[in-house]
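> 3D, please:
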Amino acid sequence: MAEISRSTLFGKLNPLMFKAAEGAVTFCKLRGNPHVELAHWLFQIVNLQDSDLHRILRHFDVDNARLVRDLQAMLERLPRGASTIEDFAEHLPYAVKEGWMYATLLFGESQVRSGYLLVGLLKNERLRDVLTRISREFDNVKVEALTEDFARIVKGSPEDGQTASDGFEAAAPGEASSAIPPAAMGKQEALRRFASDLTARARAGAIDPITSRDEEIRQIIDILMRRRQNNPLLTGEAGVGKTAVVEGFALRIARGDVPPALKDVQVWVLDIGLLQAGASMKGEFENRLRAVIDEVQASPKPIILFIDEAHTLIGAGGAAGTGDAANLLKPALARGTLRTIAATTWGDYKKYIEKDPALTRRFQVVQVIEPSEDKALRMLRGVASTLETHHRVQLLDEALDAAVKLSHRYIPARQLPDKAVSLLDTTCARVAVSQHATPPEVEDSRRRIEVLQTEIDIIAREEAAGFDTGSRHAEADARLFAEKDRLGGLEQRWAGERALVDRVLELRRQLRDDAAAQEPAAREARLAELRELQSKLAEAQGDTPLILPSVDAQAVAAVVADWTGIPVGRMVKNEVEAVLKLVDTLSARVVGQRPGLEVIAKRIQTSRARLD
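Below is the predicted model of the structure:
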């Protein structure tokens with residue numbers, strides 16, 4: 001005879017009771033107890049601000065302080081020192097069953113409240129013994145009086161109106177019972193809880209355009225269309241775009257740009273973190289994964305699961321409690337009833353997955369390598385409009401080129417295109433902030449003035465107390481005067497730049513929005529004014545702009561300089577000139593080595609011209 005699963009049983013608890021049960025598990029683990037006992041759960045309920053149990057105890061004049069002391073004493077008697085929780089105590093699921101039975105048959109409710117749980121505990125002799133061993137105060141509760149006048153006793157309880165945690169109401173005659181597994185009812189409860197529909201996001205336009213990954217996407221489609229070993233496994237270093245490849249595949253499905261066999265497919269992203277969260281009990285993780293697999297197999301529309309960081313689930317690299325996941329997946333993968341797209345780094349694949357031949361045979365490896373600079377630039381052009389819309393700035397093509405080249409050259413620890421996108425996103429954010437916030441130089445100057453003023457106040461107090469401060473006061477006053485003078489210049493320059501930038505942005509908006517309606521002469525006049533303003537702005541800003549009108553190569557270089565400490569800003573501005581004059585520049589610093597410097601400079605010039 002089939003057993004009622006623990007998840008189904010505890011799903012009948014109302015939210016307050018379910019959270020208290022979760023708290024009991026955590027409390028048990030923190031105390032190092034091997035089993036979750038009724039005392040853990042009652043202790044969590046009693047420590048709530050209000051519940052059915054609180055109102056029942058008050059009605060029957062139970063000494064709450066003594067009850068808490070009895071609970072604490074029982075907890076102290078439990079064995080300690082366990083590193084993990086082994087299981088629930090045997091009487092705990094039994095207590096929930098009793099509470100559910102009285103809730104449905106006696107009170108006609110679809111959820112287990114703390115009051116119904118107490119009725120079940122008191123009505124059952126075995127459970128009553130467990131309860132009274134915790135505290136004799138429960139003897140004061142008269143169960144017959146409680147059941148007869150339950151509604152009045154708990155009136156106003158926060159548990160009024162709550163539904164079962166599984167979301168199912170009680171089954172009326174002729175209706176399907178909520179005990180039927182969600183997969184059989186087509187509800188996809190486990191999928192919605194532990195995964196997200198990537199194809200739905202693609203159809204909703206919630207995924208950025210994916211470009212220059214057509215080759216990898218075609219490989220995925222080829223593998224998915226195979227009869228056997230039809231599970232792609234994407235391998236590549238972190239940041240090369242493995243997830244983006246799957247997103248590109250989902251976008252193709254949304255557009256219908258796939259073979260007929262894949263047109264109705266849904267791609268769901270499995271969240272391993274959600275699967276593992278709160279699954280410290282033995283078997284809970286496997287139950288969750290089993291429910292997901294069952295719902296995938298029972299779905300009327302074919303579903304492909306995308307498992308990112310796959311080695312944590314199907315290899316030996318997972319957390320404690322995930323060891324049986326591969327054994328659950330292998331039969332379904334072998335039969336072809338479960339199709340997946342997995343992703344992991346090449347190192348983790350070699351370390352964890354390749355060692356299992358049975359698992360390796362179920363997957364076909366697709367290598368996702370770091371793109372070249374040209375390909376990465378095409379990828380960035382695909383997301384440029386999204387970044388412009390999000391940050392409300394103008395993004396120049398030279399900034400895209402600089403983001404790729406500078407990130408590739410100066411941020412070697414990360415991979416393209418991830419590092420280029422991060423760099424460009426940060427630059428866009430900085431430009432957007434510069435147009436609306438106080439410049440960092442002005443803020444820093446104001447803070448220095450505050451610090452100097454504090455120093456002068458301290459010196460003045462010391463002088464008033466008779467201490468000899470020497471020339472410190474005069475020196476601090478001089479520094480303060482100089483800093484105030486510098487701040488005045490910065491604020492004046494800031495105001496001038498803001499006026500120029502505001503006018504530049506307004507002209508660009510007019511040229512962009514009214515392009516079709518403008519007369520050629522008027523448009524030419526605006527262009528001439530824009531060029532003049534840009535020239536004035538460049539002259540006023542020099543190498544240290546306070547406000548950035550657009551995202552250009554110089555702005556990208558400034559972010560790289562902040563990240564790495566390498567002053568790449570001026571080098572980007574005059575890179576060709578600097579390379580051509582490299583011999584003279586080096587000769588000014590290294591004396592008497594002209595022939596050697598010429599060899600070095602020639603090699604650098606050849607490399608920069610891409611002639612090597």
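> doesn't Thr163 make contact with Leu16?
No - between Leu16 and Thr163 there is no contact under Cβ atoms under 8 Å: 11.3 Å. Bear in mind the C-beta positions are built from the backbone N, C-alpha and C, glycine included.
> the more surrounded of the two?
Leu16 (21 against 14; other Cβ atoms under 10 Å).
> tally up the residues packed near the spatially closest residue to the more buried one that is not a sequence neighbour, please.
In space, Leu16 comes closest to Glu159 once its chain neighbours are excluded; the distance is 5.6 Å by Cβ to Cβ, 6 or more residues apart in numbering. Counted with other Cβ under 10 Å, the neighbours of Glu159 add up to 21.
> next: Ile314.
With other Cβ under 10 Å as criterion, Ile314 counts 27.
> check contacts around it.
Ile307, Ala325, Ala326, Leu329, Ala342, Ile353, Leu359 (Cβ atoms under 8 Å, 6 or more residues apart in numbering).
> how far away is it from Ala298?
Here the criterion is Cβ to Cβ, to the nearest Å. By it, Ile314 lies 21 Å from Ala298.
> with Lys355 instead?
32 Å.
> so those two - more neighbours on which side?
Set side by side, Lys355 and Ala298 show more neighbours around Ala298, with 15 against 12, by other Cβ under 10 Å.
> and the pLDDT for that one?
What the model reports for Ala298 is a pLDDT of 86.
> quick check: the gap between it and Gly466.
88 Å.
> strands of the stretch 251-400 of the chain, residue ranges please.
266-270, 303-307, 339-344, 363-367 (DSSP state E, counting those that start in this stretch).
> then the chain?
Here the chain has its strands, by DSSP state E, at 35-36, 87-88, 195-197, 231-235, 266-270, 303-307, 339-344, 363-367.
> so which of these is nearest Ala250?
For the strands of the chain, the distance to Ala250 is smallest for strand 266-270, at 4.9 Å, taking Cβ to Cβ.
> contacts for the closest one, please.
191, 194-200, 246, 249-250, 253, 292, 296, 299, 301-308, 313, 341.
> buried members of these into ChimeraX, please.
ChimeraX command restricting the contacts of strand 266-270 to the buried ones, with burial defined by 16 or more other Cβ atoms under 10 Å:
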select :191,194,195,197,198,199,246,249,250,253,292,296,303,304,305,306,307,308,313,341
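> I figured the residue nearest to Leu16 hits Val112, correct?
No - judged on Cβ under 8 Å, Glu159 makes no contact with Val112 at a distance of 9.8 Å.
> shared neighbours of the two, anything?
Asn14, Met17.
> how about the contacts made by Arg226?
Neighbours of Arg226 in contact, by Cβ under 8 Å, 6+ apart: Gln364.
> and the gap between it and Ala609?
47 Å.
> likewise Ala482?
With Cβ to Cβ as the criterion, Ala482 and Ala609 are 47 Å apart.
> got it, and Val591?
From Val591 to Ala609 the distance is 28 Å (Cβ to Cβ).
> so for these two, which sits in the more crowded spot?
The residue with more neighbours, out of Val591 and Ala609, is Ala609; 10 against 7, by other Cβ under 10 Å.
> what's the pLDDT at the more buried one?
Reading off the model, Ala609 has pLDDT 75.
> got a list of what the residue nearest to Leu16 touches?
Asn14, Leu16, Met17, Ser51, Asp52, Arg113, Ser114, Gly115.
> is it true that the last one touches Lys155?
To tie it back to what came earlier, the one meant is Gly115. No - using Cβ under 8 Å, Gly115 is not in contact with Lys155; the gap is 11.2 Å.
> quickly list what's touching both of these two.
With Cβ under 8 Å, 6+ apart, Gly115 and Lys155 have common neighbours Arg55.
> who's more crowded, those two?
Using other Cβ under 10 Å as the criterion, Gly115 and Lys155 rank with Gly115 on top: 25 against 9.
> so Ala277 versus Ala310, what's the distance?
Distance from Ala277 to Ala310, by Cβ to Cβ: 18 Å.
> which one of the two has more residues nearby?
Summary of the neighbour comparison: Ala277 and Ala310, criterion other Cβ under 10 Å, with Ala310 having more neighbours (29 against 12).
> quick one: that one and Ala342 touch, right?
Yes - applying Cβ under 8 Å, one finds Ala310 in contact with Ala342, separated by 3.7 Å.
> before we move on, the earlier item: of all the strands of the chain, which one is nearest Asp401?
strand 363-367 (26.8 Å).
> only C-alpha atoms, please: export that closest one in CSV.
The C-alpha coordinates for strand 363-367 follow below in CSV (Å, rounded to 0.1, in the frame of the first residue of the first chain):
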residue,chain,number,x,y,z
PHE,A,363,25.9,13.5,-22.2
GLN,A,364,27.5,14.9,-25.3
VAL,A,365,30.1,17.6,-24.5
VAL,A,366,29.8,21.0,-26.2
GLN,A,367,32.8,23.2,-25.7
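> packing partners for it?
helix 214-224, strand 231-235 (3 or more Cβ pairs under 8 Å, 6 or more residues apart in numbering; DSSP states H and E).
> which residue sits farthest out from the middle of the chain?
The outermost residue of the chain relative to its centre, with distances by Cα atoms, centre = their mean, is Gly466 at 59.1 Å.
> would you list the phi and psi of it?
Note on Gly466: its backbone torsions stand at phi 90, psi 10 [degrees, to the nearest 10].
> next: Met225.
phi -80, psi -10.
> repeat that for Glu309.
phi 50, psi 50.
> that one reaches Ile272, doesn't it?
Yes - between Glu309 and Ile272 there is a contact under Cβ under 8 Å: 6.4 Å.
> more neighbours, the two?
For Glu309 versus Ile272, the count of surrounding residues by other Cβ under 10 Å is larger for Ile272: 21 against 18.
> which ones are touching the more buried one?
Contacts of Ile272 (Cβ under 8 Å, 6+ apart): Ile307, Asp308, Glu309, Thr312, Leu313.
> sorry, back to before: can you flag the weakest of the strands of the chain by average pLDDT?
strand 87-88 (a mean of 85).
> that strand pairs with which strands, parallel or anti?
Strand 87-88 pairs in its sheet with strand 35-36 (parallel), by DSSP bridges.
> the partner strand: how far from the chain's middle?
Relative to its parent chain, strand 35-36 has a centroid offset of 32 Å by Cα atoms, centre = their mean, to the nearest Å.
> could you do stretch 333-353 as well?
Worked out by Cα atoms, centre = their mean, stretch 333-353 lies 23 Å from the chain centre.
> report the buried residues of it.
In stretch 333-353, residues buried by neighbour count (16+ other Cβ under 10 Å) are 333, 338-345, 348-349, 352-353.
> using CSV, lay out the residues you listed together with distance to Arg531.
Below are the buried residues of stretch 333-353 laid out as CSV (distance: Cβ to Cβ, whole Å):
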residue, distance to Arg531
Leu333, 63
Leu338, 62
Arg339, 58
Thr340, 57
Ile341, 51
Ala342, 54
Ala343, 49
Thr344, 52
Thr345, 49
Asp348, 54
Tyr349, 55
Tyr352, 59
Ile353, 59
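> good, we can wrap up now.
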